[in-house]
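# Structure of the sequence below:
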Amino acid sequence: GGEAALAARLRAKPASAGRHIFPMNHCLQPWPLGAVLLRRCKAGVLQYVVVRLVLTAVTLVLEGQGVFAEGELARFDRGYVYVTAIANMSQMTAVYCLLLLLQAAHEELTPVRAWPKLLCVKAVIFFVWWQGIALAVLVQLGLMPTSLGWTEQEVAKGVQNLLIVLEMLPAALAHRWAFPVSDFAPPEREFVAVSTRDDDDDDDDGEDDAARGDGAPAASRIAGAGATEPTRPRRKPSRRQAAKRLPHAAVSRSSDSDCKSWVSVDLEAGTSSTGRGPAAEAGAGRSDEEAPLRAGSGL
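Coordinates of the predicted model:
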């Protein structure tokens, strides 16, 4: 129903649904449910986009000046520690606002399985980020070994890249489970072309059988006589017959040039509608053209 409909549903809920998550519930008042909560959650999530762009530009400038010092958390005269702290606070704010929204709209988001989707996406982004910070802390504590002439910073980067490669396989499997194809597949519809050239009743086959002999079906006569000649192919079902046999099918316009009308039956609603085919429209056009002539001639 859109953002307005969600805001209306949130306003109908008790005020406790807007309470903050521990430990923020001890220092912040609950946000008003409705449009206020949606607006604040949206702002809290989108602020990370702006902050991340600004920090990326600052990182490029500081790296070019040689004062960034990536991975050195103890160098307060360099920019890495400040960029890391600001980015971490921005990320935590975005995740907190998402969790707060999921808590308030839990019933509305349950059918789309929002929790697994949120965890899969945010785990890939933020877990990798915090993993890099943890490796930087190990470097500062002198716990990162050196090998083959590599420095501690280079070893930390190599370990980070190796861990990312190993973690992407379970992350891909988790995404497959959280985002199944069935969530995005369109509803199935069956299209069957029918011709209305036949009569609406089933008397044609009986009349043809009676004209050829004893009135018994062709298949039974041949089977009884032991003949090997093929049976006569049955005609296409009429519009009424197709509607009876396929009450839940969606019947589209036939490509047959002799088809004079079409019928459409909705799979979900169970309703049907009919319309003219090419032959019927052509016949109607000729009737409209001949009407003035008949009127002028007194017919």
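
# C-alpha only now, for contacts and for neighbours.
Noted.

# Need the single longest helix in the chain, by residues.
helix 35-65 (DSSP state H).

# List the first helix or strand encountered after that helix toward the C-terminus.
helix 80-104 (DSSP states H and E).

# Name the residues of whatever helix or strand comes next after that following helix that are buried.
Sequence-wise, the next helix or strand downstream of helix 80-104 (DSSP H and E) is helix 106-109. In terms of neighbour count (16 or more other CA atoms under 10 Å), helix 106-109 has its buried residues at His106.

# tell me what helix 106-109 is packed against?
Helices and strands touching helix 106-109, by 3 or more CA pairs under 8 Å, 6 or more residues apart in numbering; DSSP states H and E: there are none.

# Residues in contact with that helix: which ones?
Defining contact as CA atoms under 8 Å, 6 or more residues apart in numbering, one finds that helix 106-109 is touched by Leu102.

# what about it, average pLDDT?
Averaging pLDDT along helix 106-109 yields 84.

# Below-threshold pLDDT in the stretch 51-200 of the chain: ranges please.
The model of the stretch 51-200 of the chain has pLDDT under 70 over residues 187-200.

# Let me see the ranges of the helices in this protein.
Taking DSSP H as the criterion, the chain carries its helices at 2-11, 35-65, 80-104, 106-109, 114-122, 128-140, 152-178, 203-212, 218-225, 239-245, 278-296.

# Is it possible to get CSV of those helices that adds distance to Phe22?
Shown next, in CSV, are the helices of the chain (distance: least, CA to CA, whole Å):
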stretch, distance to Phe22
helix 2-11, 21
helix 35-65, 17
helix 80-104, 10
helix 106-109, 17
helix 114-122, 18
helix 128-140, 21
helix 152-178, 26
helix 203-212, 76
helix 218-225, 78
helix 239-245, 60
helix 278-296, 68
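
# quick one, which of the ones you listed is nearest to Ala17?
Closest approach to Ala17 among the helices of the chain (CA to CA): helix 80-104, 5.2 Å.

# May I see the buried residues of that closest one?
Buried residues in helix 80-104 (16+ other CA under 10 Å): 80-84, 87-88, 90-91, 93-104.

# what's around Leu148, how many residues?
Neighbour count of Leu148, defined by other CA atoms under 10 Å: 6.

# Gly142 - how many residues pack around it?
Around Gly142 there are 10 residues (other CA under 10 Å).

# And Trp130, how far from Met92?
Distance check for Trp130 against Met92: by CA to CA, to the nearest Å, it reads 11 Å.
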